[in-house]
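J.: with the sequence up front, the predicted model follows.
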Amino acid sequence: MFNHLKYLSCFFLPACVVWFLSTGPHTISAALLWTVPLWSLILLDWFSPKVTPNTKQQRVSDSFYDTILYALTCLQFLIIGLLLIYAGQLQWHSAQEILNSGINLIVMRILVGTTSGSSALIVAHELIHRPKRHLRVLGRLLLYSVCYEHFVIAHIRGHHFSVATPVDIATARLDESFASYWKRVYLGHFKYAWNSELRRLGLLQIPAYHYKMLSNSVLQGLIIEVMLILLILNAFGWAAVFIFLYQALAGVRLLETINYYQHWGLERGKTGNALAWVNQSGITEYALIGLSHHIGHHQNAATSFHQIPYSDQGPVMPYGYFVTNLWVKLNNKSYRRVSADILKNYFQ
């Protein structure tokens, strides 16, 4: 009866991060203790009940779901603001202060980087597909909070047209390591978005200083991001700029980790027609506002996550997204070996 309330679990980590930032700076021991909510979420994901086609789910109203998206958006902007204020308060005058401030920065990177990747960027991913212009603009603003605004073009014009094919930048190849994937996709998305805008504007064979280049949305995004960084430097100092860029990198890296294992090893024609891996973790589904319904998202990108029915038309991941994120990064060889075996059994 109250299944829709499970989506409120998406506020657990952002709320903890707001609490952490608003009560800092912390001592070293206190700062490290604030990572416990994240480890708890990973542990819950490990033991999460499974979501299956037979799971009876109460339909979530559009207004309820959209309210969650708006709230998560506001929380992200609040978190970034508190992050900058926090960093501006850190002291660096003695060895003890340097150690304490350094640990605080590391914990800030862990917590804010995770919320930027698992909350803000997932909301942005949802909003940039919406038909209403103000929602797409809101999605772009969220991407500015991690300096990744060009993702809109790379994702919509590139990934969704070529998913699970050799030409798709965001589809990890069979047995491709995350390190190799990260090097390829981080610059690859920018290059694709830039060239896509040049093609749109008819500037591929025209000098870069042509006046039409001002209409290049990737260039516009870069200018805004540079201005944002300079504003942060002027208002909050170098430590704030450092942690802002560090959490942005962490958030983007988390987003691309999700892309990595959502499509790892899938290539239509060679491995059937599977578009993405299936995930059955209930914690993943609700805490990440339906992102795990990724197969249906690629079948109809205009459909909101909460409206997409469960699909089992793909290989099944052994763990939820939170656990798999750690697995991919800490023991990628093991991840690839297990995933390759699953694919072999699924497609034989």
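T.: Nice, thanks for sending it over. Numbers count the residues shown, from 1 in each chain.
J.: just give me how far stretch 89-96 sits from the chain centre.
T.: Average the C-alpha atoms of stretch 89-96, do the same for its chain, and the two points are 32 Å apart (C-alpha atoms, centre = their mean, to the nearest Å).
J.: what are the phi and psi values for Pro50?
T.: Not Pro; residue 50 is Lys. Here is the backbone geometry of Lys50 (degrees, to the nearest 10): phi -80, psi 150.
J.: that one: what's it in contact with?
T.: Neighbour list for Lys50: 280-282 [criterion: C-beta atoms under 8 Å, 6 or more residues apart in numbering]. (C-beta placed from N, C-alpha, C; glycine too.)
J.: now list the buried members of those residues.
T.: The neighbour count (16 or more other C-beta atoms under 10 Å) marks 280-282 as buried among those.
J.: narrow the contacts of Lys50 to those in helices?
T.: Gly282 (DSSP state H).
J.: what's the closest non-adjacent residue to Val338?
T.: Pro318 (6.7 Å; C-beta to C-beta, 6 or more residues apart in numbering).
J.: can you pull out the low-pLDDT segments for the stretch 51-200 of the chain?
T.: Low-confidence segments of the stretch 51-200 of the chain (pLDDT under 70): 52-59.
J.: for the residue of the chain most remote from its centre, give its distance to Tyr70.
T.: In terms of distance from the mean C-alpha position of the chain, Ser94 ranks first, at 36.5 Å (C-alpha atoms, centre = their mean). As for Ser94, its distance to Tyr70 is 44 Å (criterion: C-beta to C-beta, to the nearest Å).
J.: go on, Arg253?
T.: According to C-beta to C-beta, Arg253 stands 26 Å off from Tyr70.
J.: and those two? which has more neighbours close in?
T.: Arg253 (17 against 13; other C-beta atoms under 10 Å).
J.: now Ala170, what's its secondary structure?
T.: Per DSSP: H, G, I helix; E, B strand; the rest coil, the local secondary structure of Ala170 is coil.
J.: surely Leu204 touches Trp194?
T.: No: using C-beta atoms under 8 Å, Leu204 makes no contact with Trp194, being 10.8 Å away.
J.: which one of the two is surrounded by more residues?
T.: Just comparing Leu204 and Trp194: by other C-beta under 10 Å the higher neighbour count belongs to Trp194, 18 against 9.
J.: now the element after the top helix by length along the chain, going C-ward?
T.: Of all the segments assigned as helix in the chain under DSSP H, the longest by residue count is helix 62-89. Tracing the chain C-terminally past helix 62-89 and defining elements by DSSP states H and E, one meets helix 95-115 next.
J.: name the next helix or strand following that following helix along the chain.
T.: Beyond helix 95-115 on the C-terminal side, the first helix or strand identified by DSSP H and E is helix 121-127.
J.: okay, now the residue nearest to Val338: neighbour count?
T.: Burial measure for Pro318: 15 neighbouring residues, criterion other C-beta under 10 Å.
J.: residues touching Ala193, list them.
T.: For Ala193, the set of contacting residues under the criterion of C-beta under 8 Å, 6+ apart consists of 150-154, 157-158, 218.
J.: returning to what we had before: so which of the buried ones among the contacts of Lys50 is the closest to Gln313?
T.: The shortest separation between Gln313 and any of these is 13.3 Å, and it belongs to Gln280 (by C-beta to C-beta).
J.: wait, isn't the closest one in contact with Ser311?
T.: No: contact criterion C-beta under 8 Å: Gln280 and Ser311 do not qualify, at 11.2 Å.
J.: give me the neighbour count for Glu149.
T.: The burial count assigned to Glu149 is 24, neighbours taken as other C-beta under 10 Å.
J.: which helix or strand contains it?
T.: Element membership for Glu149 (DSSP H and E) is empty, with no helix or strand holding it.
J.: quick check on it: phi, psi?
T.: Phi and psi for Glu149, reported as degrees, to the nearest 10, are phi -70, psi -30.
J.: residues contacting it?
T.: Taking C-beta under 8 Å, 6+ apart, we find Glu149 in contact with 140, 143, 218, 221, 224-225.
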